[in-house]
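In: Here is my input; please provide its structure:
(3 chains)
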Amino acid sequence: MLLYYLDLAGVAVFAASGVLAARDRELDLFGVIIVATLTAIGGGTLRDLLLGHHPIFWIVDNWYLITIVASALATVAYLALRPPPGMLFLVADACGLALFAMSGAKLALEAGLSPLIAVIMGTMTGVVGGMLRDVITARVPLVLQKEIYATAAMAGILVYLVLDALGVPETPAFTTGVAVVITLRIIAIRWGLNLPSLPHRRPK
Amino acid sequence: MLLYYLDLAGVAVFAASGVLAARDRELDLFGVIIVATLTAIGGGTLRDLLLGHHPIFWIVDNWYLITIVASALATVAYLALRPPPGMLFLVADACGLALFAMSGAKLALEAGLSPLIAVIMGTMTGVVGGMLRDVITARVPLVLQKEIYATAAMAGILVYLVLDALGVPETPAFTTGVAVVITLRIIAIRWGLNLPSLPHRRPK
Amino acid sequence: MLLYYLDLAGVAVFAASGVLAARDRELDLFGVIIVATLTAIGGGTLRDLLLGHHPIFWIVDNWYLITIVASALATVAYLALRPPPGMLFLVADACGLALFAMSGAKLALEAGLSPLIAVIMGTMTGVVGGMLRDVITARVPLVLQKEIYATAAMAGILVYLVLDALGVPETPAFTTGVAVVITLRIIAIRWGLNLPSLPHRRPK
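Out: Next up is the predicted model:
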């Protein structure tokens, strides 16, 4: 039940991040809503397809699509009134990443899969929507940039898995995982934290 | 039965549009057939995957692939003889969009899903093949351009759903929906009709 | 059983080819492992999804992911010590293509599908991982270049299907198919073999 509302929240913030990414791309209102929708449902759809989990979450529950359109229109209205605060896009993206990473991991665990798969599944669920958004709006995908991104999702999922294994109840374990991802992303953005690059020689 | 032949027709025109999009991209005959195939089966494959509808339509019925290869080769032969009329690509694309949008909507209805999902599913089925084609051949996707595109698919699907709800028999309802999409696309191309863009401030 | 080890080998060489493609793209170690993973599991995942073959191969068997990470780290370590031999990337890619093309064809046959679908399915399984790798690392996909590529996969699959139909036992038939693909790819790379391009007129 909690998961359901957090999932709707994830869908709403990813939809908003899609609108923010699309706003200077000369799309019509419709194109903007399409980008918002793909961003919002991309990760969860891949998760359900890979787990063979039919029907796909948004196909039988109209609240997901209604939330996406409402969130997208609200963001469009907001942008018509005033320019967005500088970090808004990155914060919306961080919240979506955190909520989806955790829900992907939780679903994998509930399907009886190994912790390794829960980490992979959660990370995929978290990053795929944003990756689609960035490819469609011709940005360098956040996930491929040098800042900690997928690693933040993984760290949060690991914290959640460990708390769960220690017997901590679902709600605080899940919420702590979400908080870890958001905190790591904000630290990474603020102080430019990143993992070491792959060493390579430039061609001479 | 009618649907089956219309589906084959959709596959044939989308295959042709794939060849037309690929023709000045220095691909070999094989690459051209791959682009034609992805364009022709992309939307329907996603539709079947999302609906959990196995086996996927082209996997158990070889006529789809045979139609695609025949249509692609005929288009290649035609192009070898004379340059294509200017609008051919856009008209082939409009017909493919119309046929696939309607068949996606019809399958969703038959699976007992809500009209909202029928609209989404139909629109996706219609636009995804062309989107793959445009991404692979490095064009700006038609669906993201300012002209009415996905909106045309949606309008046709809505007309079909309303006629269906009013008790109009399947065949005329379906055909009217197809005609609405094609007409709207041709009007949009001819007179440059489009939806309003998202307002945005340019950075100063 | 043989197929299982060959599948792991395919995953390992495709993971290595992903690292080689990613090495001058300024990715962190994590991004490199993501590219390696997508390259290694992309084709097989699409194969399983299209065949409705759940659970997906890497979801219930952790050895696939372990092999990918081990192969990726070994390649990274190797690259840190010395520059790779010039052809290494193309050879790793040719081996992955061969192994996956054949395993995709074999699975389709075992699912009782037609030889035509076995060819399509095998070719897809072989080319999709490398295509994802090339798109993500912003290269022109090998499959769309003029050299024989998908055709090599198809030729190997055809040889395998013919040997199988003639009653040749599984292991030599499969291995011969793999050898045909690798040989054709190496000949194509070495002597620049290619299929004729689609004729087209340049705009004047």
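
In: could you pull out the helices for chain A?
Out: A:2-22, A:29-51, A:57-60, A:63-81, A:88-110, A:115-136, A:150-165, A:170-191 (DSSP state H).

In: what's the closest of those to B:Asp134?
Out: Of all the helices of chain A, helix A:115-136 sits nearest to B:Asp134, with 11.3 Å by CB to CB. Quick note: C-beta positions are derived from backbone N, CA and C, even for glycine.

In: Report whether that closest one contacts chain C.
Out: Yes: using CB under 8 Å from any CB of the partner chain, helix A:115-136 reaches chain C at A:116-117, A:120-121.

In: so who does the residue nearest the centre of chain A touch?
Out: By CA atoms, centre = their mean, chain A has its centre lying nearest to A:Leu97, at 2.6 Å. By CB atoms under 8 Å, 6 or more residues apart in numbering or on different chains, A:Leu97 lies in contact with A:126-127, A:130, A:149, A:152-153, A:181, A:185.

In: run the last query once more with 10 Å
Out: A:10, A:13-14, A:17, A:43, A:123, A:125-127, A:129-130, A:142-143, A:149-150, A:152-153, A:156, A:178, A:181-182, A:184-185 (CB atoms under 10 Å, 6 or more residues apart in numbering or on different chains).

In: What sits closest to A:Gln189 if chain neighbours are left out?
Out: I think there's a mix-up here, since residue A:189 is Ile and not Gln. Distances taken as CB to CB, 6 or more residues apart in numbering or on different chains put A:Leu90 closest to A:Ile189, at 5.4 Å, once the chain neighbours are dropped.

In: I'd like to know how far the one you found sits from chain C.
Out: In this view, A:Leu90 and chain C are 18 Å apart by CB to the nearest CB, to the nearest Å.

In: What is the neighbour count of that residue?
Out: A:Leu90 has 18 neighbouring residues, counting by other CB atoms under 10 Å in any protein chain shown.

In: and if you look at A:Leu50?
Out: Counted with other CB under 10 Å, A:Leu50 comes out at 23.

In: In this structure it contacts C:Gly44, no?
Out: No: at 11.8 Å, A:Leu50 and C:Gly44 do not qualify as touching, with contact defined as CB atoms under 10 Å.

In: Now do the shared contacts for these two.
Out: Jointly contacting A:Leu50 and C:Gly44 under the rule CB under 10 Å, 6+ apart are C:56, C:58.

In: which of the residues in stretch A:155-173 are buried?
Out: Across stretch A:155-173, burial judged by 16 or more other CB atoms under 10 Å in any protein chain shown covers A:155-161, A:163-164, A:173.

In: Sorry, wrong one. I was asking about stretch A:132-140.
Out: A:132-134, A:136-137.

In: wait, isn't A:Ile157 in contact with A:Leu107?
Out: No: counting by CB under 10 Å, A:Leu107 is not a contact partner of A:Ile157; they are 11.9 Å apart.

In: which residues do these two both contact?
Out: Common contacts of A:Ile157 and A:Leu107 (CB under 10 Å, 6+ apart): A:118, A:121-122, A:125.

In: Can you flag the buried ones in those residues?
Out: A:118, A:121-122, A:125.

In: re the thing from before, mind telling me the two of the residues of helix A:115-136 next to chain C farthest from one another?
Out: Going by CB to CB, the pair spanning the residues of helix A:115-136 next to chain C furthest: A:Leu116 and A:Met121, at 9.5 Å.

In: Can you check which residues contact both of the two?
Out: Jointly contacting A:Leu116 and A:Met121 under the rule CB under 10 Å, 6+ apart are A:Ala108.

In: Point out where chain A drops to low pLDDT.
Out: Counting by pLDDT under 70, chain A shows low-confidence ranges at A:1, A:144-147, A:193-204.

In: Name the nearest residue to A:Met102, sequence neighbours excluded.
Out: In space, A:Met102 is closest to A:Gly177, 4.8 Å off (CB to CB, 6+ apart).

In: for A:Gly104, same thing?
Out: Nearest residue to A:Gly104, sequence neighbours excluded (CB to CB, 6+ apart): A:Thr125, at 2.8 Å.

In: how much space between the closest residue in space to A:Leu163 that isn't next to it in sequence and chain C?
Out: Nearest non-adjacent residue to A:Leu163, counting by CB to CB, 6+ apart: A:Ala173, 3.8 Å away. Distance of A:Ala173 to chain C, given as CB to the nearest CB: 23 Å.

In: what's A:Ala173 in contact with, if anything?
Out: Applying CB under 10 Å, 6+ apart, we find A:Ala173 in contact with A:102, A:106, A:159-167.

In: Pick the one among those closest to chain B.
Out: The closest of the contacts of A:Ala173 to chain B turns out to be A:Lys106 (CB to the nearest CB; 21.4 Å).

In: I'd say that closest one and A:Ile157 touch.
Out: Yes: using CB under 10 Å, A:Lys106 is in contact with A:Ile157, at 9.3 Å.

In: how about A:Pro55, what does it touch?
Out: The contact partners of A:Pro55, by CB under 10 Å, 6+ apart, come to A:48, A:61, B:50-52, B:111, B:113, B:117.

In: Kindly recompute the last result at 8 Å.
Out: B:51-52.

In: how close does it get to chain C?
Out: For A:Pro55, the distance to chain C - CB to the nearest CB - is 14 Å.

In: For that residue, grab phi and psi.
Out: Here is the backbone geometry of A:Pro55 (degrees, to the nearest 10): phi -70, psi 150.

In: Quick check: the gap between it and A:Val69.
Out: As judged by CB to CB, to the nearest Å, A:Pro55 and A:Val69 stand 20 Å apart.

In: what about A:Leu73, neighbour count?
Out: Neighbour count for A:Leu73, taken as other CB under 10 Å: 16.

In: So stretch A:25-44, near chain C or not?
Out: No: using CB under 8 Å from any CB, stretch A:25-44 never reaches chain C; the gap is at least 14.3 Å.

In: so how far is that stretch from its chain's centroid?
Out: Computed by CA atoms, centre = their mean, to the nearest Å, the chain-centroid distance of stretch A:25-44 equals 14 Å.

In: Could you do stretch A:148-165 as well?
Out: Relative to the chain's own centre, stretch A:148-165 is displaced by 14 Å; criterion: CA atoms, centre = their mean.

In: contacts for that stretch?
Out: Contacts to stretch A:148-165, defined as CB under 8 Å, 6+ apart, come from residues A:94, A:97-98, A:101-102, A:105-106, A:109, A:115, A:118-119, A:122-123, A:126-127, A:142-143, A:170, A:172-174, A:176-181, A:184-185, A:188, A:193-195, C:30-31, C:34.
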